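Participant: what's the 3D shape of this:
(2 chains)
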Amino acid sequence: MKIFFHFSVVGFSNSYLVGNQDGGDAMVIDPGVMDVELLKIIEENGYYIRYILLTHRHEAHISGIKVIKKIYDAEIYANSMAILDYPVHVISHKEVVTLNGIAVEAIHVPGHSSDSLVYRIGKALFTGDVLTCGFIGNTTNELSRSLLMRSIMERLMPLDETYLIFPGHGPPTTLKAEKLFNPDIFEYYQQVHH
Amino acid sequence: MFSFKGCTTTGCTRIAVTGSDHCLKHAQSPDELRDAVIRSLEHHEIVGSVSMTHALIRDHNMSGSRMYASNMASNVYVDCDFSESFVQLSFFDFSKFIRCRFTDITLKYCVFAGSEFTSCDFSGSDILHCNFLGINAVDCSFDDSDLYFSNFTNASLSSVTFRDCNLTKSYFVGSERSEVNFKYSNYEEAVFTRT
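Facilitator: Numbers count the residues shown, from 1 in each chain, chains lettered A, B, ... in the order given. Predicted coordinates for the structure are as follows:
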């Protein structure tokens, strides 16, 4: 499996291209923008975008869909019924889809948005805005924050510490680093232990 | 491009070294295996998907190397030269770096979280979107570097200089700073407290 990273100047978000070693049908996760740079990564490595996976439907993560759909015959996977009027394969918590031989498990982690999914592919977690380097996702109220925190603690933190995290914004990280140094996670553990 | 292949030794949770079914601890010839991986980095070609963890790498010149999507975490690097290298989307977390040279390096989307840096020089570098969460750095220089979107949250920084750096969207939240110098840097663009 190959993972390619692309920084989108739209919303300062990260997009990821995931495909097999030798090219072919591939998936793009959270296309914040579809620009020449991303197109070059796709074409120069022999990929065809057959799948678009969305961690959630915020603009910074979906703005590239229209252009991708003009170039490639791609299907959209998300936890929403429709995105930008395109039909969506709705996937829910713990559902596993196999896309050109790559198994993708969806983990529903609500709080930042009601449709937030984390995708688990091998030992990689594509977390969108749920968990980024040193931060948890922003929320609109205390109830949502509490829901997000609980979802992260119950559904992500029990996973093996060796998982690599590829977030929707900012640098990549690891589950172990977030457990130890993310102020929000650290605070939560402190509160639980007191 | 990441290799998630684990060591085939029963009960071992470490990642297998590139070119082997085992981690260094369980490999038949660990020194040879380690040296083969380092040699591949020294050849200045683009190297992708290299995995080697828990290794001692001493006095190696990897300057000018080009590495992509590699896992070189939990290693100890002593007197190594990474200057003028290009490293992208690679993991060096929970490692130790002693007297290492990173001058004029381009680091993009790399992870150094939980690492210790002693007397290391990053000056004149592009260090973009890099993760330095919880690092412990003593007597290090990041002078004349671009640290756009790099994150030093909860880092311990002692005698570390960031002179004339671009600190736009860099994070120092919860960091302990002693004798840290931001002279001529745009530290007003950096984030030091949680909002």
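
Participant: Can you tell me which residues in chain B are near chain A?
Facilitator: B:1-2, B:4, B:13, B:15, B:69, B:73, B:88-89, B:91, B:93-94, B:109-111, B:113-114, B:129-131, B:133-134, B:149-151, B:153-154, B:169, B:171, B:173-174, B:194 (CB under 8 Å from any CB of the partner chain). Using the backbone N, CA and C atoms, a C-beta is placed for each residue, glycine as well.

Participant: What number of residues are in the vicinity of residue A:92?
Facilitator: Residue A:92 has 9 neighbouring residues, counting by other CB atoms under 10 Å in any protein chain shown.

Participant: How much space separates it from chain B?
Facilitator: Applying CB to the nearest CB, to the nearest Å, the value for residue A:92 to chain B is 25 Å.

Participant: Next: residue A:192.
Facilitator: According to CB to the nearest CB, residue A:192 stands 19 Å off from chain B.

Participant: That residue - that's part of a helix, no?
Facilitator: Yes. Judged by DSSP: H, G, I helix; E, B strand; the rest coil, residue A:192 forms part of a helix.

Participant: Which residue ranges of chain B form helices?
Facilitator: Ranges of helices within chain B are B:30-42, based on DSSP state H.

Participant: show me the residues around residue A:34 that make contact.
Facilitator: Applying CB atoms under 8 Å, 6 or more residues apart in numbering or on different chains to residue A:34 gives the contacts A:64, A:65, A:66, A:67, A:68, A:71.

Participant: Take those residues and write them to JSON lines, including neighbour count and pLDDT.
Facilitator: Converted to JSON lines, those look like this (neighbours: other CB atoms under 10 Å in any protein chain shown; pLDDT from 0 to 100):
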{"residue": "A:64", "neighbour count": "22", "pLDDT": "95"}
{"residue": "A:65", "neighbour count": "21", "pLDDT": "96"}
{"residue": "A:66", "neighbour count": "13", "pLDDT": "96"}
{"residue": "A:67", "neighbour count": "15", "pLDDT": "96"}
{"residue": "A:68", "neighbour count": "20", "pLDDT": "97"}
{"residue": "A:71", "neighbour count": "13", "pLDDT": "97"}
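
Participant: now, which of those sits nearest residue A:114?
Facilitator: Closest to residue A:114 out of these is residue A:65 (19.6 Å), distances taken as CB to CB.

Participant: Is that closest one in contact with residue A:33, as I believe?
Facilitator: No. If you go by CB atoms under 8 Å, residue A:65 and residue A:33 don't touch, sitting 10.1 Å apart.

Participant: still on that earlier bit, of the residues of chain B next to chain A, keep whichever come out buried.
Facilitator: Neighbour counting with 16 or more other CB atoms under 10 Å in any protein chain shown marks B:1-2, B:4, B:15, B:69, B:73, B:88-89, B:91, B:93-94, B:109-111, B:113-114, B:129-131, B:133-134, B:149-151, B:153-154, B:169, B:171, B:173-174 as buried within the residues of chain B next to chain A.

Participant: Check the offset of the longest helix anywhere in chain A from the chain's centre.
Facilitator: The helix that spans the most residues within chain A, counting by DSSP H, is helix A:142-155. Helix A:142-155 has its C-alpha centroid displaced from the chain centroid by 17 Å (CA atoms, centre = their mean, to the nearest Å).

Participant: mean confidence score for the next helix or strand after that helix?
Facilitator: Using DSSP states H and E, the next helix or strand after helix A:142-155 towards the C-terminus is strand A:164-167. Mean pLDDT, strand A:164-167: 96.

Participant: how far is strand A:164-167 from where the chain is centred?
Facilitator: On the basis of CA atoms, centre = their mean, strand A:164-167 sits 8 Å off its chain's mean C-alpha point.

Participant: For the chain, which residues score under the pLDDT cut-off?
Facilitator: Since no chain was named, I'll use chain A. In the predicted model of chain A, no residue satisfies pLDDT under 70.

Participant: wait, I meant chain B there
Facilitator: Filtered on pLDDT under 70, chain B yields the residue ranges B:1-3, B:44.

Participant: again, only this time at 90
Facilitator: B:1-7, B:13-15, B:18-20, B:28, B:35-50, B:62, B:194-195 (pLDDT under 90).

Participant: what residues are up against the spatially closest residue to residue B:40 that is not a sequence neighbour?
Facilitator: Excluding the flanking residues, the one nearest residue B:40 by CB to CB, 6 or more residues apart in numbering or on different chains is residue B:47, at 5.6 Å. Residue B:47 is in contact with B:40, B:41, B:65, B:66, B:67, B:68, B:70, counting by CB under 8 Å, 6+ apart.

Participant: show me what contacts residue A:160?
Facilitator: Residues counted as contacts of residue A:160 (CB under 8 Å, 6+ apart) are A:123, A:175, B:13.
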